[in-house]
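>>> I'd like to go over a predicted model; first the sequence, then the structure.
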Amino acid sequence: EAQVTQNPRYLITVTGKKLTVTCSQNMNHEYMSWYRQDPGLGLRQIYYSMNVEVTDKGDVPEGYKVSRKEKRNFPLILESPSPNQTSLYFCASSLAGVYNEQFFGPGTRLTVL
Amino acid sequence: SQELEQSPQSLIVQEGKNLTINCTSSKTLYGLYWYKQKYGEGLIFLMMLQKGGEEKSHEKITAKLDEKKQQSSLHITASQPSHAGIYLCGKYNFNKFYFGSGTKLNVKP
């Protein structure tokens, strides 16, 4: 089944404890992206990747890192999480960037205490 | 995103009624995407509009793109409880993707 998977689905952590949210797609998509969704602020893009080893900042990249060493995986790294990073995170992928719909993962609900 | 404004922000309709959601871009629209999200869940792709005047339909949902007005509308005919959720428009600006603020739709049985 074609899908985007994210792990973990739920995570409660404490300030400053490094964490990684994994994202994987099995559709051989080139474009992958991370978003965060917050009440009143909507969905905002954090980082995106056009292909392996090609990543770039979205609208709200501060406090996040990403890597794209393999086409299928696009992990989101929070080196030192803070409470303002408490959010619902979505990973997405598409065949190639522009003019292709994105397929979304189920979301990761992160709480930073 | 300030690039895309959606209206209304929320909508409550009686089952069977028609409704329209609008999405207006502050910049030139080269393509517009519509997604639906059930509360707290992932997004489901509905439709993509690429050309001015383009209109697409899927079941009871129709979307149109007016490039001159930099606007798209999503119309639901004879709404059902299954249509409830958050409707989001989105677009690319170069390689970045921007979403509108979303429209929360509730359909009363």
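Noted; the coordinates are in hand.

>>> Extract the residue ranges of chain A that are flagged as low pLDDT.
Residues of chain A that meet the criterion pLDDT under 70 lie in A:97-98.

>>> can you give me the strands in it?
A:4-7, A:10-13, A:19-25, A:31-38, A:42-51, A:54-57, A:65-66, A:76-78, A:87-94, A:103-104, A:108-112 (DSSP state E).

>>> how deep is residue 79 tucked in, by neighbour count?
Just so you know, I chose chain A. By other C-beta atoms under 10 Å in any protein chain shown, the residues close to A:Glu79 number 12. C-beta here means a position set from N, CA and C on the backbone, and glycine is covered the same way.

>>> Sorry, I should have been clearer: chain B.
If we define neighbours as other C-beta under 10 Å, then B:Ser79 has 22 of them.

>>> who does A:Ser87 bridge with?
Listed by DSSP bridges, the beta-bridge partners for A:Ser87 are A:Leu110.

>>> Could you pull up the residues touching it?
A:Ser87 sits next to A:36-38, A:110 when contact means C-beta atoms under 8 Å, 6 or more residues apart in numbering or on different chains.

>>> The strands of chain A into a markdown table, with extra columns for distance to B:Gln6?
Shown next, in a markdown table, are the strands of chain A (distance: least, C-beta to C-beta, whole Å):
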| stretch | distance to B:Gln6 |
| --- | --- |
| strand A:4-7 | 24 |
| strand A:10-13 | 28 |
| strand A:19-25 | 27 |
| strand A:31-38 | 15 |
| strand A:42-51 | 9 |
| strand A:54-57 | 24 |
| strand A:65-66 | 28 |
| strand A:76-78 | 26 |
| strand A:87-94 | 18 |
| strand A:103-104 | 18 |
| strand A:108-112 | 24 |
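
>>> how much space between A:Arg109 and chain B?
8 Å (C-beta to the nearest C-beta, to the nearest Å).

>>> so how far is A:Val21 from that residue?
The spacing between A:Arg109 and A:Val21, counted by C-beta to C-beta, to the nearest Å, is 11 Å.

>>> so what sits against both of the two?
A:11, A:89.

>>> Between the two, which is the more surrounded one?
A:Val21 (21 against 15).

>>> Report the contact partners of the more buried one.
Per C-beta under 8 Å, 6+ apart, neighbours of A:Val21: A:6-8, A:11, A:75-76, A:78, A:89, A:91, A:108, A:110.

>>> Name whatever forms a beta bridge with it.
Counting by DSSP bridges, A:Val21 is bridged to A:Leu76.

>>> A:Asn7 too?
A:Thr22.

>>> wait, it sits on A:Thr22?
Yes - judged on C-beta atoms under 8 Å, A:Asn7 makes contact with A:Thr22 at a distance of 4.9 Å.

>>> Which neighbours do the two have in common?
What both A:Asn7 and A:Thr22 touch, as defined by C-beta under 8 Å, 6+ apart, is an empty set.
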